[in-house]
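Q: sequence and computational prediction follow.
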Amino acid sequence: MKKAYVFPGQGAQFVGMGKDLYDNNAEAREMFEKANEILGFRITDLMFAGTPEDLVQTKVTQPAIFLHSVILAHTLGADFKPDMVAGHSLGEFSALVANKTLTFEDGLRLVAKRANAMQKACETEPSTMAAILGLDDKTTEEICAAIEEVVVPANYNSPGQLVISGSMKGIEIACEKLKAAGAKRALPLKVGGAFHSPLMEPARIELAEAINSTTFSTPICPVYQNVNAQPVTEPAQIKENLIAQLTSPVRWTQIAENMIADGGTTFVEVGPGTVLQGLIKKVKSDVECMSA
């Protein structure tokens, strides 16, 4: 029986996130203020009282979700005893701070760098994503591979739910073909760009430099990483996988399967929302899932 802590990614944000932590916990307040200082702007103002439009900007969303997750994990104190951790996309950075691979400050700096690099890549080449529901992964993969535009599987979220990523035209063509092949729905997503696709290569190069110059320590427990869904404890390997993450798919279905196979019986979602609990339940309905 093992306890797994999982950390959400972009899309889980909401106005007011983290305010209760700031108001009621002196340590949390200190960490939020430290974050304002590191980022060079008061992200707390946007998190606690901004508009949904403020929060949806990649450069704000990513550090905001990271802060909510990491500070919430910190406030659990002695109760935070992970046997394994994982994070969905951006959430992998939160997981790496939680399991002591990264310091809070270094994690935040990397997330800010990642967000800005991704925002730049999105502005350079307009691109998007779409959620494909009710079709098997293999069919989706084959149809995407046959399209001449850039369009690739980006997030394996749960059985029957795969997000694709690519050029505007590529996603449009793919949605039509996938619906014709039997997908129940092919929903374009309101995102800034084609995350986890080859179109993020400029951001990957920029982030790689920052990751390579940051100290990664041996963690207190394995992190199941997005690129291969495997448990990793070796700092050099964690770095390599984290760099590859921006242009590779998030294998969340496989992460959940592997954590369960390795003895994970209780899953605690740390951060805004309950999305990951729902996805894990679709992999195995009888595992225990809860919010921190």
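A: On my side now, so go ahead. Just so it is clear, the structure is predicted and the values come from calculations on it, not from any experiment.
Q: C-alpha from now on. contacts and neighbour counts both.
A: Noted.
Q: just the C-alpha atoms of the helix or strand containing Ile211, please, in PDB.
A: For Ile211, the enclosing helix or strand under DSSP states H and E is helix 201-212. Listed in PDB are the C-alpha atoms of helix 201-212, where the atom choice follows Å, rounded to 0.1, in the frame of the first residue of the first chain:
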ATOM      1  CA  GLU A 201      11.200  23.100 -30.200                       C
ATOM      2  CA  PRO A 202      12.400  26.700 -29.700                       C
ATOM      3  CA  ALA A 203      11.000  26.700 -26.200                       C
ATOM      4  CA  ARG A 204      12.700  23.300 -25.500                       C
ATOM      5  CA  ILE A 205      16.100  24.700 -26.500                       C
ATOM      6  CA  GLU A 206      15.700  27.700 -24.300                       C
ATOM      7  CA  LEU A 207      14.500  25.700 -21.300                       C
ATOM      8  CA  ALA A 208      17.200  23.100 -21.700                       C
ATOM      9  CA  GLU A 209      19.900  25.700 -21.000                       C
ATOM     10  CA  ALA A 210      18.200  26.700 -17.800                       C
ATOM     11  CA  ILE A 211      17.600  23.100 -16.600                       C
ATOM     12  CA  ASN A 212      21.200  22.100 -17.400                       C
END
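Q: and it, what's buried?
A: For helix 201-212, a neighbour-count test (16 or more other Cα atoms under 10 Å) marks 201-204, 206-208, 211 as buried.
Q: ok, the residue of the chain most remote from its centre to Asn155 distance?
A: Relative to the C-alpha centroid of the chain, counting by Cα atoms, centre = their mean, Ala180 is the outermost residue, at 30.1 Å. Shown here: Ala180 relative to Asn155, a distance of 21 Å by Cα to Cα, to the nearest Å.
Q: circling back to that earlier point, report the mean per-residue pLDDT for the helix holding Ile211.
A: For helix 201-212, the mean per-residue pLDDT is 97.
Q: just stretch 32-47 next, same as before
A: 98.
Q: now do the contacts for the residue most central in space within the chain.
A: For the chain, the residue whose C-alpha lies nearest the mean C-alpha position (Cα atoms, centre = their mean) is Ser89; its distance is 2.4 Å. Taking Cα atoms under 8 Å, 6 or more residues apart in numbering, we find Ser89 in contact with 8-10, 226, 245, 250.
Q: farthest pair in these?
A: Put simply, by Cα to Cα the two of the contacts of Ser89 set farthest apart are Pro8 and Gln245, 15.2 Å from each other.
Q: and these two? Which one has more around it.
A: Just comparing Pro8 and Gln245: by other Cα atoms under 10 Å the higher neighbour count belongs to Pro8, 28 against 23.
Q: isn't that one up against Gln277?
A: No - at 9.7 Å, Pro8 does not count as touching Gln277 under the criterion of Cα atoms under 8 Å.
Q: shared neighbours of the two, anything?
A: By Cα under 8 Å, 6+ apart, Pro8 and Gln277 have these common neighbours: Glu269.
Q: how many residues are close by the closest residue to Met200 other than its chain neighbours?
A: Using Cα to Cα, 6 or more residues apart in numbering and skipping the chain neighbours, the partner closest in space to Met200 is Thr247 (5.7 Å). Residues lying near Thr247 (other Cα under 10 Å) number 20.
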